[in-house]
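J.: I need the structure of the sequence given here:
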Amino acid sequence: MEAKVHQSKFEKLVSDSEFNRFGLICVILTIVGCLGGIAVGMGALGNTLATSVIIIPTMITLSLLLAVAPMKWIMMAGIVSSTIDILFIVYFTLLA
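T.: Numbering: from 1, shown residues only. Model prediction:
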């Protein structure tokens, strides 16, 4: 008899993302790059700490894409980077 292995939704997403790697790389590159640029342009350019907090996760994500790292790493870095960017965009929008 064969044992059934139950995968969580995240594990299934990661295994499917390895199959669709090159399509997802285009999407992740566009989203992370644009959100990082918008966050810096909204007001982080005047603050060195805010610029560093935005740029470091963005560059880590882009470096992982370039290094053809495992998709699990790329997706986690992309989620972290996008979350930070969105928080800064909301902050600078409310501040203005």
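J.: show me where this structure has helices.
T.: Along the chain, counting by DSSP state H, helices occupy 9-19, 21-42, 48-66, 71-95.
J.: Could you pull out the buried residues of the last one?
T.: Same thing as helix 71-95. For helix 71-95, the neighbour count (16 or more other Cβ atoms under 10 Å) marks 71, 74, 75, 77, 78, 81, 82, 84, 85, 88, 89, 92 as buried. C-beta coordinates here come from the backbone N, C-alpha and C atoms, glycine included.
J.: pretty sure the fourth one contacts residue 57?
T.: Spelled out, that is residue 77. Yes - with contact defined as Cβ atoms under 8 Å, residue 77 reaches residue 57; the gap is 6.7 Å.
J.: Of the buried residues of helix 71-95, just say which sits nearest to residue 16.
T.: residue 71 (9.2 Å; Cβ to Cβ).
J.: got the contact list for the closest one?
T.: With contacts defined as Cβ atoms under 8 Å, 6 or more residues apart in numbering, the neighbours of residue 71 are 14, 17, 18, 21, 24.
J.: ok, of these, which come out buried?
T.: Buried, going by 16+ other Cβ under 10 Å: 14, 17, 24, out of the contacts of residue 71.
J.: So which of the residues you listed is the closest to residue 39?
T.: Nearest member of the buried ones among the contacts of residue 71 to residue 39, counting by Cβ to Cβ, is residue 24, at 21.7 Å.
J.: Not including adjacent chain positions, what is the nearest residue to the closest one?
T.: residue 17 (5.5 Å; Cβ to Cβ, 6 or more residues apart in numbering).
J.: Hmm, that neighbour is touching residue 27, no?
T.: No - checked against Cβ under 8 Å, the pair residue 17 and residue 27 is beyond contact range at 10.4 Å.
J.: Relative to residue 15, how far out is the residue most central in space within the chain?
T.: Geometric centre of the chain, nearest residue: residue 78, 1.3 Å, by Cα atoms, centre = their mean. Separation of residue 78 from residue 15 (Cβ to Cβ, to the nearest Å) stands at 17 Å.
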